[in-house]
Every structure is written in structure tokens, then in C-alpha cells.
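Novice: build the 3D model from these lines:
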Amino acid sequence: EMSLVIRLRSNLGVWRFTVSTEVELDGTKLKEIMIGQCEKLQFTKELSLRPYPSMSSPPPLPPGDLRPHLSNGVMLYAYITEDSISPGTKNEGEGERKKVKVNKDGSIESLSYHEAVADKAWRPGMMPLRDMKKHWTLQEFTEMDSSFNFKIKGGGKANCQGVSLDMTECNGFQSYLRQGEFQYGRYGYLYGSFKEGDKVHVDFIYEPPQGLGEGGFEMIEGGEEEEERVEELANALGVKKVGWIFGHPPREEGFVFSSTEVIMAAEMQLVAADGIADTNFVTVKCTVDEEGHASFEGFQLSKQCMEMVAEGALEEGSEPGWCQVNSTFTALVEGKENKKIDNNFMLQVVPIEQHESDKWVNKFPKRNRQGRPQCNDEMKKQLALSGKQGYTFTQLLTDFHLLLFLSDFLDQNDMMKICDSVGKGKELDEGYKIIISSMAGLDSGF
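Specialist: Below you'll find the predicted structure:
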């Protein structure tokens with residue numbers, strides 16, 4: 001029987017499964033096989049052939065039989081529950097007496113597999129070597145062991161050679177943070193284009209639904225549908241997600257990134273690069289100094305950081321400016337084992353400049369902000385400038401947040417046609433002008 005070893009990269013590390021290629025393998029069948037080889041395996045996010053951040057929807061698997069997309073050692077991606085147990089563990093009653101412990105109150109409790117074999121485990125959280133395989137060669141063991149060791153290097157030089165931010169969007173982002181006196185964090189995604197010379201050009205910022213996080217941004221569930229719509233609009237406009245931005249209160253000297261920010265930035269670089277590879281996807285952070293002056297700084301995370309996040313070796317820590325090392329892995333700094341890593345070791349600086357867009361208007365109220373709401377009156381106010389100050393009706397629609405507002409009411413196919421005209425600078429169809437003008441409460445004089 002022909003079989004393959006496939007790897008699952010999850011939030012608990014990388015696990016290996018053996019699958020038969022004699023039968024058709026779709027996503028449902030693959031999950032059934034994995035659950036059959038794992039005790040208590042539960043998926044919180046679906047399988048994907050591409051990495052994706054924990055707060056995003058997974059890129060869908062190709063429909064039908066997946067065997068043409070699978071090869072020996074192929075990597076799949078998913079998120080699973082924390083109590084899932086790695087493959088190769090024994091189910092209760094299989095060839096050995098169940099182990100128990102006596103609690104302080106006299107009650108008896110069964111030990112989990114990992115608790116029972118903890119003193120024999122090859123590494124914390126791992127199975128004993130004999131449970132993985134009965135016979136090992138020195139080369140096999142050395143190769144496997146080396147995959148759990150990381151010799152920490154300095155951040156090095158960023159792949160991205162520069163990022164240019166739209167001045168209006170930057171001012172709007174820092175002004176909104178300033179309204180809360182920079183006491184709350186906020187984040188958003190940067191949309192624009194990748195330019196020659198490994199540079200990034202940012203046209204606008206989209207800020208997903210989020211909470212008011214003291215000290216840093218606060219992600220919340222429930223914005224997936226809107227984010228998918230944002231991606232569709234961006235594609236129709238001819239722009240793409242080129243980075244992300246976050247703002248935070250002032251910090252002590254030397255505290256540049258939190259562990260949450262490091263891990264999120266590395267996750268998004270992994271998605272952009274489709275794995276551990278070069279990418280110009282950039283991270284921008286905004287804060288304020290002691291004199292109240294806002295600043296923007298550009299960064300990338302090192303490829304080693306990307307690898308450690310992909311393998312589940314880095315974890316959020318309570319100490320500012322440091323990442324904890326998962327107990328299964330070993331981090332060596334200057335030849336010595338460390339249980340935590342200074343985040344500055346993993347940062348690469350990206351030069352920043354600003355520009356004034358000659359295409360994007362960026363006047364409409366921003367989505368998911370408190371204060372000035374998106375509404376028909378705001379649309380009327382903006383579109384009423386048609387024929388004034390050098391604006392045409394179509395040019396005034398060259399505002400991503402206005403288009404996102406319109407997408408709440410118009411059909412997807414209509415929005416794709418509108419965005420295609422706007423993105424390419426073509427005059428909008430008269431029928432769409434009439435519909436949009438009517439929504440805004442304007443006459444059709446344009």
C-alpha cells in the first residue's frame with residue numbers, strides 16, 4: 001500500500017501523520033485520518049495548504065481530491081484545541097495499566113498520557129523516543145534533535161528596502177490615537193503595492209473591528225466577513241495587502257515590540273511569503289514621545305523569527321519586550337540556553353518616507369472608529385464636490401472607505417465593476433452615477 005507522511009503545522013507545534021494514497025483524499029477525509037491517529041484532536045480552524053494568522057479565515061483547500069497537491073513531507077496548516085494530544089499516543093486500555101494520581105482531598109484522578117510519560121519524554125510535551133519509533137540511528141536522532149534547536153542570531157538586514165506611507169492616512173491614524181491621548185492601542189492593514197527595488201507603497205489603511213486595548217491593540221472575533229469583503233474590493237482596485245500598522249502608548253526605552261506584536265507580525269509575513277521565504281511585507285508602528293510628537297517606524301521580522309513562530313517555538317510572555325521559548329524547544333544565545341528571547345534580536349529596520357497621493361482621495365470617515373460615522377450625509381458631502389476643486393465624480397469615489405461603505409448596500413458584482421472603473425481611472429457608467437447620487441441624496445448633475 002502506497003502511503004505518505006504529511007505534516008501538520010499547528011499552534012501546538014508540528015505533528016506528523018501517515019496517510020494512504022490508495023483512496024481519494026479530500027479535506028474531510030484528511031481530518032478523519034488525523035483524528036484517528038490522535039487522541040482528542042479537535043480543530044478550531046480548518047485545514048489549509050497555506051499558513052494563515054490565527055484571527056483570519058483559512059485559505060480554502062482545493063475542491064475534490066487533494067492527492068495531486070500532496071507529496072511526502074508536505075506541510076498543512078490548522079489551529080487546534082490546547083488539550084489535543086499528539087499522534088502516536090496510546091488510548092486508554094491499550095497494552096498498559098492506566099496511571100492515576102491521588103489528590104490532596106483523597107480523590108483519584110487518571111493521568112493524561114503526557115502526564116504519565118513526563119519523566120520519560122524526550123523533550124517536554126513530546127513522547128518518549130520509543131513511543132515514536134523502536135529503533136533509532138544516531139543520524140536520525142541528531143537530525144530530529146537539531147530541528148528543535150535554534151541558535152539565535154541578530155535581526156540582520158531587512159528584505160524590504162523602504163516603505164512610503166500616504167501622508168493623509170498617517171495623519172488620520174495618529175490623530176485618532178491622539179484623541180485617546182495614546183493610552184489605547186490600535187491596528188490596521190496597509191494596502192498598496194510592491195514596487196521595484198524591494199520597496200512598498202501604501203495607499204490606504206483598513207482598521208478591522210477591534211476593542212480598546214490598554215497598552216496595545218485588542219483583536220476581537222466577528223470581523224471575518226468584512227475582511228473578506230475588503231480583500232475583494234482591494235483586488236478589484238488593483239491593490240493588495242502589503243503590511244500592517246499598530247499604535248501603542250509610550251514605552252520604556254528599549255521596549256520596541258511586545259511578544260504579541262512579534263508573533264503577529266511573523267505570522268503575517270509567513271502568510272505573505274507563503275512559508276518561510278523572503279517577502280517585502282512590512283510592519284509599521286506608531287507611538288508618541290515624551291514631548292507629544294508622533295513617530296512612525298518600519299520593521300520586518302527576521303527569517304529565523306518566522307521559522308520559530310511557524311514551528312510554535314515562540315510564545316507570548318509577561319515580561320515586556322521578550323518572547324518566551326516553548327519548553328519543547330531550545331534557544332541558544334551566544335552558546336547558552338535561554339528560556340526567553342529579547343525581541344530586538346528579531347527586528348529588522350525598514351526606512352520610512354511619506355507621500356501625498358495624486359490618485360486616492362481618502363476623505364471619507366474611516367470604518368470601525370468612534371466619533372465621525374460613515375453615513376449617507378458624509379457621502380453627500382464628499383460627492384457634492386464633483387465639478388469643484390478639480391474633482392470629477394469618479395475621482396471622488398477613489399476613496400477606499402467610501403467604496404467599503406457603498407458595498408454595504410450594493411450588489412457584489414456591481415461593486416466589482418465600480419472598483420474596476422475607479423482603480424483604472426475610467427469614467428464610471430452613467431447608471432451607477434445615478435444610483436450612487438440617489439443614495440447620497442444628490443441630483444444627477446454630477
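Novice: where are the low-confidence patches of the stretch 301-446 of the chain?
Specialist: Scanning the stretch 301-446 of the chain for pLDDT under 70 picks out 444-446.
Novice: can you do 80?
Specialist: Low-confidence segments of the stretch 301-446 of the chain, defined by pLDDT under 80: 443-446.
Novice: strands of that one, start to end?
Specialist: Under the criterion DSSP state E, counting those that start in this stretch, the stretch 301-446 of the chain carries strands at the ranges 314-315, 322-325, 330-333, 336-338, 340-342, 347-350, 352-355.
Novice: distance to Pro62 and mean neighbour count added to those strands, as CSV?
Specialist: Yep, even glycine has a C-beta here, placed from its N, CA and C like the rest. Formatted as CSV, these follow (distance: least, C-beta to C-beta, whole Å; neighbours: other C-beta atoms under 10 Å):
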stretch, distance to Pro62, mean neighbour count
strand 314-315, 30, 21
strand 322-325, 34, 22
strand 330-333, 37, 17
strand 336-338, 41, 11
strand 340-342, 37, 19
strand 347-350, 34, 20
strand 352-355, 39, 15
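Novice: can you list these in JSON lines and add distance to Arg251?
Specialist: Below are those laid out as JSON lines (distance: least, C-beta to C-beta, whole Å):
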{"stretch": "strand 314-315", "distance to Arg251": "20"}
{"stretch": "strand 322-325", "distance to Arg251": "13"}
{"stretch": "strand 330-333", "distance to Arg251": "23"}
{"stretch": "strand 336-338", "distance to Arg251": "22"}
{"stretch": "strand 340-342", "distance to Arg251": "14"}
{"stretch": "strand 347-350", "distance to Arg251": "14"}
{"stretch": "strand 352-355", "distance to Arg251": "19"}
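Novice: who's in contact with Arg372?
Specialist: Neighbour list for Arg372: Pro365, Glu378 [criterion: C-beta atoms under 8 Å, 6 or more residues apart in numbering].
Novice: read off the pLDDT value for Thr142.
Specialist: pLDDT recorded at Thr142 is 74.
Novice: how near is it to Ala313?
Specialist: Separation of Thr142 from Ala313 (C-beta to C-beta, to the nearest Å): 19 Å.
Novice: higher neighbour count, those two?
Specialist: Ala313 (22 against 11; other C-beta atoms under 10 Å).
Novice: how about that one: what's its closest non-neighbour residue?
Specialist: Once flanking residues are discounted, Ala313 sits nearest to Phe329: 4.1 Å by C-beta to C-beta, 6 or more residues apart in numbering.
Novice: so that neighbour is in contact with Glu307, correct?
Specialist: No. Applying C-beta atoms under 8 Å as the test, Phe329 and Glu307 come out as separate, 10.9 Å apart.
Novice: list the contacts for the closest residue to Met379 other than its chain neighbours?
Specialist: Computed as C-beta to C-beta, 6+ apart, the closest residue to Met379 that is not its neighbour in sequence is Ala440, at 4.4 Å. Taking C-beta under 8 Å, 6+ apart, we find Ala440 in contact with Asn376, Met379, Lys380, Leu383, Ala384.
Novice: contact partners for the residue nearest to Asn344 when sequence neighbours are not counted?
Specialist: In space, and not counting its chain neighbours, Asn344 is closest to Val256: 5.9 Å by C-beta to C-beta, 6+ apart. Applying C-beta under 8 Å, 6+ apart to Val256 gives the contacts Lys285, Gly321, Asn343, Asn344, Leu347.
Novice: quick one: neighbours of the residue lying closest to Gly180 once chain neighbours are set aside, just the number.
Specialist: Distances taken as C-beta to C-beta, 6+ apart place Leu212 nearest to Gly180, at 7.5 Å, with adjacent residues excluded. Using other C-beta under 10 Å, Leu212 is surrounded by 12 other residues.
Novice: Leu212 and Met219 touch, don't they?
Specialist: No. Counting by C-beta under 8 Å, Leu212 stays clear of Met219, with 12.0 Å between them.
Novice: His201: which element?
Specialist: strand 199-206 (DSSP states H and E).
Novice: alpha carbons only: can I get that strand in CSV?
Specialist: Taking Å, rounded to 0.1, in the frame of the first residue of the first chain, the C-alpha atoms of strand 199-206 are listed here in CSV:
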residue,chain,number,x,y,z
LYS,A,199,10.0,48.9,-1.8
VAL,A,200,6.4,49.2,-0.5
HIS,A,201,4.0,52.0,-1.5
VAL,A,202,1.0,52.3,0.9
ASP,A,203,-2.3,53.9,-0.4
PHE,A,204,-4.7,53.5,2.5
ILE,A,205,-5.2,51.8,5.9
TYR,A,206,-8.1,49.5,6.8
